[in-house]
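Colleague: Sequence plus predicted model, see below.
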Amino acid sequence: MSVKVNFEKHCNEANSWLLEIAENIDHPGRTDWAYGCLKAVLHTIRDRTTIEEVFHFSAQLPVLIRGIFFEGYKPTGKPDKMNANEFIRKIKKEVGPGGFGYPEEAFRVVLELLYKKTSPGEMDDIRGSMPKGIQKVWDKYRPLQFDNEMEM
């Protein structure tokens, strides 16, 4: 018995995430910049998150996005220690030269998408595992529609 794998479905799903990010950074069609933003934010969150939370969160990601999330991951010594400034600098570094040059905006747009496409409770669990300074940055860019849930 053979099972047909629908790679086109997985590609379309990942591409829809990139198109949404590109639209929300006001550069429709710039999926290269969107990819850079997504990868930079996912890697920064991943590297500052506990291994247990990394695996809980990854289970909610589409297959190809999960691959981006785990690309180059080395769980030894995780989570990385970083403060809020280092967190944003890491996003900027991960985007790289020639990419979308606004790390705070990249964080905002990707965070908004992650709250929309995954469990807000899981996102808040990740937020809760961060140092207070990163939590403040997180709260600054957290989508407004989820603020009431956090207060409950």
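Modeller: That came through fine.

Colleague: And the helices in this structure, which stretches?
Modeller: In the chain, the helices defined using DSSP state H lie at 7-24, 31-48, 51-58, 63-70, 84-95, 103-117, 120-128, 132-141, 147-151.

Colleague: measure the spatially most central residue of the chain to Asn85 for me?
Modeller: For the chain, the residue nearest the mean C-alpha position is Leu42 (3.4 Å; C-alpha atoms, centre = their mean). Between Leu42 and Asn85 the distance, using C-beta to C-beta, to the nearest Å, works out to 20 Å. Where C-beta positions appear, they are placed from N, C-alpha and C, glycine not excepted.

Colleague: next one: Phe69
Modeller: According to C-beta to C-beta, Phe69 and Asn85 sit 23 Å apart.

Colleague: Please say which of those two ends up with more neighbours.
Modeller: Per other C-beta atoms under 10 Å, whichever of Phe69 and Asn85 has more neighbours is Phe69, with 19 against 11.

Colleague: Now for the residue nearest to that one when sequence neighbours are not counted: which residues touch it?
Modeller: Excluding the flanking residues, the one nearest Phe69 by C-beta to C-beta, 6 or more residues apart in numbering is Leu42, at 4.8 Å. Residues in contact with Leu42, defined by C-beta atoms under 8 Å, 6 or more residues apart in numbering, are Ile65, Ile68, Phe69, Val110.

Colleague: For the residue nearest to Arg48 when sequence neighbours are not counted, give its distance to His56.
Modeller: Setting aside the residues directly before and after it, Arg48 is nearest to Pro79 in space (C-beta to C-beta, 6+ apart), at 5.0 Å. Distance, Pro79 to His56, using C-beta to C-beta: 14 Å.

Colleague: go on, Asp124?
Modeller: Distance from Asp124 to His56, by C-beta to C-beta: 12 Å.

Colleague: Is Phe69 in contact with Ala59, as I believe?
Modeller: No. Taking contacts as C-beta atoms under 8 Å, Phe69 lies outside contact range of Ala59: 10.7 Å.

Colleague: Setting aside sequence neighbours, what's the nearest residue to Arg108?
Modeller: Tyr141 (4.0 Å).

Colleague: my bad, Ile25
Modeller: In space, Ile25 is closest to Val109, 5.4 Å off (C-beta to C-beta, 6+ apart).
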